[in-house]
Structure formats: structure tokens, C-alpha cells
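A.B. asks: Build me a model:
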Amino acid sequence: MKNEQFRCDCPITSAIDVIGDKWSLVIIKQMLTENKKTFKDFTESEEAIASNILSSRLKMLESLNLIRKEKLPTNKKTNIYLLTDAGIGLAPVITAMTMWAYNSLGAVHPAMAVDERTDMLFEDKDKFAEFMMNNYREMVMGLHLS
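C.D. replies: Next comes the predicted model:
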């Protein structure tokens, strides 16, 4: 039986069905590189995602096991969203897209962000992806979740 979330059985098309919309990969990028965890964190980001779309994307990403929802240990009323291993595994995709953006869009979008991580990215993209994944895992460990 075909899963209704996917158009076909092609792996590329299936990946695009999950992360190819305007917001899903942005949310994952924010979690991975900006340590965003709460609904409020996401709504206050510079990308300005509408709350109804954010809610929908978070539910979809959770249903696909890319993120999980838990309670903030210091405030049980606040939900936090954390990447699963599958979500963290998108770090190399984000790294590749970042490199492509710098290499292919830099001339038409010269204001694109450059920071201390940019040099690390171009020195060794695999090491950079690993760095992002490890930083994220350390941040989650620091939350002392039950």
C-alpha cells in the first residue's frame, strides 16, 4: 500500500516531498545551526514563518520522525522540539546547499551571510557537517532531558 505522504517510490522525489517545501528544511536548519527549540524561537526568526504554517510543518516533521516534541525540563508547560537522528542526518544536505548557495548565488545575492563558520565550511564540508551534528547533540545533552 502506498503511503499518501509520498507521490511515488523514487527516493529523490520522496525526499523532496518531505524537505522540498518552503519551510521544512529552514526549520531543521534553524534547529541544527541556531539551536531553536520552542515555537516562540521559530516565530521570532528572521525568516518570519507564519504561526499556522509553522504548526503544520512541525506536526508533519514529527509524524515523519525528523523531530520529536518534549517538555522543557525547567518549565513543563513549554514544548520543545528536538531533532531525531534522522533530522540531524540532514546536516550534510544543509552543508551542500550552503556551499551551492555561496558558489552559485553569491553574485546575485552578495548580502548572503558570512561568518566564522564559512571558512570552516569551505575548508572541509564533511568536517563542517560533523561539527554541526556534534554541536547539536551536545546542546541536547545539556538540556538534561528525562
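
A.B. asks: only C-alpha atoms for contact and neighbour calcs from this point on.
C.D. replies: Noted.

A.B. asks: Buried residues, the longest strand that the chain contains. List them.
C.D. replies: Secondary structure of the chain per DSSP state E: the longest strand is strand 75-83. For strand 75-83, the neighbour count (16 or more other C-alpha atoms under 10 Å) marks Asn79, Ile80, Tyr81, Leu82, Leu83 as buried.

A.B. asks: Likewise for stretch 90-109?
C.D. replies: Neighbour-count burial for stretch 90-109, counted by 16+ other C-alpha under 10 Å, picks out Leu90, Ala91, Pro92, Ile94, Thr95, Thr98, Met99, Tyr102.

A.B. asks: What of stretch 119-136?
C.D. replies: Buried residues in stretch 119-136 (16+ other C-alpha under 10 Å): Leu121, Lys125, Asp126, Phe128, Ala129, Glu130, Met132, Met133, Tyr136.

A.B. asks: what's the burial count for the residue lying closest to Ile28 once chain neighbours are set aside?
C.D. replies: Here the nearest residue to Ile28 in space, its sequence neighbours aside, is Gly87; by C-alpha to C-alpha, 6 or more residues apart in numbering that works out to 7.0 Å. Gly87 has 22 neighbours, counted by other C-alpha atoms under 10 Å.
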